[in-house]
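1. next one to model:
(one chain, ligands or ions: 1)
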Amino acid sequence: MLYGTASLTNTVAIVGPVPESARWEGSATFMADRITPEQRSAIMSRIRSKDTHPEIVVRRTLHTMGFRFRLHVRSLPGCPDIILPKHSVVVQIRGCFWHLHRCKKGRLPKTNKGYWLPKLKGNKARDIENDRKLRRLGWKVRTIWECELERMEARELRSRLRGLLI
Ligand SMILES: [Zn+2]
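-> Numbers count the residues shown, from 1 in each chain. Coordinates of the predicted model:
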C-alpha cells in the first residue's frame, strides 16, 4: 500500500492512501515504506508537477498539427500549461482529481476528507480566479480534462484542439 505525504510549504502531513487518480500529477509527493529504490523511482517518475502525461499528449498533438505554443508561462496568472499567443488561447490541461472535476476521477478520497477537501477546493478556487484573470488580460481560456483525453482517439483530439483554437 502506498501512503502519501503532501508538502504544504514547510509542513509535511501524513494523509493516508493516495487515490490512483491522484498519482499522475502532483503538488504532492509520495513516500512508501519498504519498497525498493527501483520501485521508488518508478513511483516518483509518475509524480511530476509538470510534463505530466496528458499534457504531453496535447503538446505532441498540437506540434504535429503545426501550431506554435509556449509552455508554463510564469508571467501569466497561474503559470498556464500551454499558450498559443497567435490565437490568444490558453489551454489548461487539468487533472480530474487535483482540480476537482465533476466526474468519477474527481471524487474525493473516502479517507482524510478533512485534509483533501480544503486542499482540492483551494485548487479549484485558484483555477477559477486564474482563468478569470487570464480572460481579463484578453486570453481565451480552454480547459481539457484528463478524463476527456483518456476517452479521445487521436483524431478526435485533433478536431477538439482545432475547435478550441477558433
Ligand atoms: Zn474528469
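2. rest of the way, CA atoms for contacts and neighbours
-> Noted.
3. how about the strands in the protein?
-> Remark: strands assigned in the chain by DSSP state E are 3-8, 11-17, 29-31, 70-71, 82-84, 89-94, 140-145.
4. can you tell me what sits against the fourth one?
-> For strand 70-71, contacts defined as CA atoms under 8 Å, 6 or more residues apart in numbering pick out P80, D81, I82, I83, L84, P85.
5. got those as CSV, with pLDDT columns?
-> Output for the contacts of strand 70-71, formatted as CSV (pLDDT from 0 to 100):
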residue, pLDDT
P80, 96
D81, 93
I82, 96
I83, 97
L84, 97
P85, 96
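6. write the ChimeraX selection for whichever of the residues you listed are buried.
-> Per 16 or more other CA atoms under 10 Å, the buried members of the contacts of strand 70-71 correspond to this ChimeraX selection:
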select :80,81,82,83,84
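7. and the average pLDDT for the helix of greatest length in the chain is what?
-> Secondary structure of the chain per DSSP state H: the longest helix is helix 113-136. Helix 113-136 comes out with an average pLDDT of 95.
8. and the angle for it with strand 140-145?
-> 150 degrees (axes from the mean of the first three to the mean of the last three CA atoms, to 10 degrees).
9. what's the angle between helix 113-136 and strand 89-94?
-> Going by the same axes, to 10 degrees, helix 113-136 makes 170 degrees with strand 89-94.
10. could we number from 264 for the rest of this?
-> Done: numbering now begins at 264, and the last item shifts to helix 376-399.
11. buried sites along helix 376-399?
-> W379, L383, K387, D390, N393, D394, R395, L397.
12. check stretch 318-329 too.
-> E318, V321, R322, T324, L325.
13. flag the least confident of those.
-> For the buried residues of stretch 318-329, the pLDDT minimum is E318, 91.
14. which residue, neighbours along the chain excluded, lies closest to that one?
-> Using CA to CA, 6 or more residues apart in numbering and skipping the chain neighbours, the partner closest in space to E318 is I356 (6.1 Å).
15. what about that neighbour, neighbour count?
-> 21 (other CA atoms under 10 Å).
16. wait, it sits on C342?
-> No. The criterion here is CA atoms under 8 Å, and I356 misses it with C342 at 11.8 Å.
17. how about stretch 418-429 as CSV, C-alpha atoms only?
-> C-alpha atoms of stretch 418-429 as CSV (Å, rounded to 0.1, in the frame of the first residue of the first chain):
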residue,chain,number,x,y,z
ARG,A,418,-8.3,12.1,-34.5
GLU,A,419,-10.9,13.3,-32.0
LEU,A,420,-8.3,15.2,-30.1
ARG,A,421,-7.1,16.9,-33.2
SER,A,422,-10.5,18.1,-34.1
ARG,A,423,-11.2,19.1,-30.5
LEU,A,424,-8.0,21.2,-30.4
ARG,A,425,-8.8,22.7,-33.8
GLY,A,426,-12.2,23.7,-32.3
LEU,A,427,-10.6,25.2,-29.2
LEU,A,428,-8.4,27.5,-31.2
ILE,A,429,-11.2,29.2,-33.1
